[in-house]
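Q: any chance you could fold what I've pasted below:
(chains A and B)
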Amino acid sequence: MAAQVRGHAAYRASFAFDLAGNALIPAIDLIAVVAMFQVTRVLGGFTAAEVLVMFGLSSSAFALGDLAVGNIERIRVYVRTGLLDAILVRPLSALGQLLAVDFTIRRVTRFLTGLTVLVLALAAASVDWNPARAAIIVVAVGSGAAFFGAVFVATATVSFWWIDSGEFANGFTYGGRDFTSYPVTVYSGLFRRVFAYGLGFAFVAYYPALGVFGRPDPLGLPGWMAWCTPVVAFLAAAVASVAWRYGIRHYRSTGS
Amino acid sequence: MDTASRRPSEERARRRRSQRDLSSATRRPAGIRPKRPRLIPASARSFGALAAAGFRRHSTYRQATVAATFTNSVFGFLRCYVLLAAVAGTGVGVAAGYDAPRVATYCWASQGLIGVIFLWGWTDLADRIRSGDVVADLLRPVHPVTAYLAADIGRAGHAALTRFIVPIAVGAIFFDLYVPARPHTYPLFVVSVALAVVVSFGFRYVVNSAAYWLLDVRGVNMLWAFATTVFAGLAFPLHFLPSWLVWPIWIATPFPSILQAPLDVLVERSPPAQLVGIVAGQAAWAVVMLGLGRYVQRRAEAKLVIQGG
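A: Below is the predicted model:
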């Protein structure tokens, strides 16, 4: 009897630790942003509330994209263990099978937390609201999610050529999310040109946020850039689908 | 019996038998385990051999090392730009005692030290506990804490040559890094990193040992990852927080001794006396964490005995 109680207690304890851990890990990035503002009032020319709006946009878009497409990361395991062949044999599209939407509690809570940060930050930033600016927010989160989804798929296709590419992909997915959490004015040089404009990460949160605040871009681009997130997401999806088809064909041709 | 009357072959056989009897008297009876070994092994050579084995083992993980170094470099860029923006935003070019070159060195050295000090992701002991292989470790003549510590030091040595050098080089190429001006900083930094590895190992050992009691240690590992990222100075320099928050964390928890201390030594944030004091604090925490590891190990073994393991 005592052993049974001990057994249950151990199960409850690990569950409690799991819950605490899952709640705290996503908080790290938010704590980092808040810590930056303990020593300065502006970061890249933007105040705390404004940076938190970008953080919220980026966080919500990433979480929504992860919710929809995150399971594609399993492909690395499938390629390594050969299970991908079982999927390819079926008469359905391989991508469709791999993209099972996964409403885990963890992913849903991350999306809701991101939205909460976004809403609170928008309130603190004292925005002059009009229907166009509200629309920018909705469009940004939705197409930002599609953009991140495309990034997930594109980085997952690398595993067709390089089996242990997991960590390499993380640099672009999680690195990309961290990049978009801060204003692009923070970065400089080749790094900014590649990530912000070459890969399109500036359109996830920075330009929509500028549109919502009604601020002109310190980097000189016009105001309608705030609406360009869907275009960038579409281009990213096109690149990702080409990479995917090419990858599947290459995988098939190597006699798997 | 008169020896002269015995034949030479009988004489040889008698001598051989008596030698065999002598050796069996000194052999321990079967079934009795050796006495509990002390924490410091009698021979430093065994410690060195275990460390060398750890070094060699990790030198075979080439692809993982390359991938991890790439990730460290990407995040180095991201954090470096943000920290530089924070320093620039203060208007005076100094944030919490760090100027721009110092904060850049801080950032790139922290990315480099992640691999050496191994802040998260170490589950070797927990995996062996869950699979039961840990029993083999408990039967060896070296105390398990010492054996794992030696292997970890070997791993850290390998990482110091690979995962530390690359981010520092990348940072030096693209940013203006602070080079320590005082000659004694370099040996002090090496000592500080070594102590940080020991403190981190001690904590990782205790966290992994939770597998003796819990079904799975994923949650505990996540809490450990959170605490080290936030309180050890990886997500941001600890001194960015208000001072009434910093000093309790520094004195009452081992986390700053794991990363913040060697970094502060490297960028020479304070006068030398204060930095030596910080390293002394690390040494104290190293002793505490190893002692805690030994204590947890004793409790775990007692639990195993009760369960009939």
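Q: which residues of the stretch 101-250 of chain A lie near chain B?
A: Taking CB under 8 Å from any CB of the partner chain as the contact definition, the stretch 101-250 of chain A meets chain B at A:164-168, A:170-172, A:175, A:178-179, A:182, A:185-189, A:191. Just so you know, the C-beta spots here come from the backbone N, C-alpha and C atoms, and that holds for glycine as well.
Q: now do the helices in chain A.
A: A:2-24, A:27-39, A:48-69, A:75-81, A:84-89, A:94-98, A:105-124, A:131-157, A:166-180, A:189-192, A:206-213, A:229-253 (DSSP state H).
Q: how about the helices in the stretch 151-300 of chain B?
A: For the stretch 151-300 of chain B, helices defined by DSSP state H, counting those that start in this stretch occupy the ranges B:165-174, B:185-209, B:218-231, B:243-252, B:255-258, B:260-266, B:272-306.
Q: any idea how far B:A49 lies from B:R56?
A: Computed as CB to CB, to the nearest Å, the B:A49 to B:R56 distance reads 11 Å.
Q: cool, A:R41 as well?
A: 52 Å.
Q: please apply the same query to A:G198.
A: For A:G198 relative to B:R56 (CB to CB), the value is 41 Å.
Q: could you do A:T109 as well?
A: For A:T109, the distance to B:R56 - CB to CB - is 43 Å.
Q: neighbour count: those two, which is higher?
A: Ranked by neighbour count (other CB atoms under 10 Å in any protein chain shown), A:T109 and B:R56 place A:T109 first, with 14 against 11.
Q: contact partners for that one?
A: A:22-23 (CB atoms under 8 Å, 6 or more residues apart in numbering or on different chains).
Q: B:V94 against B:P101, yeah?
A: No: counting by CB atoms under 8 Å, B:V94 sits too far from B:P101 to count as a contact (11.1 Å).
Q: so which residues on the stretch 51-200 of chain B come close to chain A?
A: B:63-64, B:67-68, B:70-71, B:74-75, B:77-78, B:81-83, B:85-87, B:89-90, B:95-96, B:174.
Q: which of those fall in strands?
A: When DSSP state E is applied, these are split such that B:A95 fall in strands.
Q: and the residues of the stretch 51-200 of chain B next to chain A, which of them are buried?
A: B:67-68, B:70-71, B:74-75, B:77-78, B:81-83, B:85-87, B:89, B:95-96, B:174 (16 or more other CB atoms under 10 Å in any protein chain shown).
Q: quick one: pLDDT of residue 68?
A: Since you didn't name a chain, this refers to chain A. Per-residue confidence (pLDDT) for A:A68: 85.
Q: right idea, wrong chain: chain B
A: 83.
Q: next, the contact list for it, please.
A: Contact analysis of B:A68 by CB under 8 Å, 6+ apart lists A:167, B:115, B:163.
Q: skipping adjacent residues, who's closest to the first one in space?
A: Sequence neighbours aside, B:A67 is the residue nearest to A:E167 in space, at 3.6 Å (criterion: CB to CB, 6 or more residues apart in numbering or on different chains).
Q: relative to A:A140, how far out is the spatially closest residue to A:V53 that is not a sequence neighbour?
A: Distance criterion CB to CB, 6+ apart; nearest residue to A:V53, sequence neighbours excluded, is A:A121 at 4.4 Å. Remark: distance between A:A121 and A:A140 (CB to CB) = 13 Å.
Q: looking at those two, which has the bigger crowd around it?
A: A:A140 (28 against 21).
Q: now the more buried one: how far from A:L57?
A: Relative to A:L57, and taking CB to CB, A:A140 is found at 6 Å.
Q: tabulate the helices of chain A in JSON lines, adding columns for distance to B:A225.
A: Output for the helices of chain A, formatted as JSON lines (distance: least, CB to CB, whole Å):
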{"stretch": "helix A:2-24", "distance to B:A225": "8"}
{"stretch": "helix A:27-39", "distance to B:A225": "9"}
{"stretch": "helix A:48-69", "distance to B:A225": "19"}
{"stretch": "helix A:75-81", "distance to B:A225": "21"}
{"stretch": "helix A:84-89", "distance to B:A225": "31"}
{"stretch": "helix A:94-98", "distance to B:A225": "28"}
{"stretch": "helix A:105-124", "distance to B:A225": "15"}
{"stretch": "helix A:131-157", "distance to B:A225": "22"}
{"stretch": "helix A:166-180", "distance to B:A225": "14"}
{"stretch": "helix A:189-192", "distance to B:A225": "26"}
{"stretch": "helix A:206-213", "distance to B:A225": "29"}
{"stretch": "helix A:229-253", "distance to B:A225": "30"}
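Q: so which of these comes closest to B:W224?
A: helix A:2-24 (8.6 Å; CB to CB).
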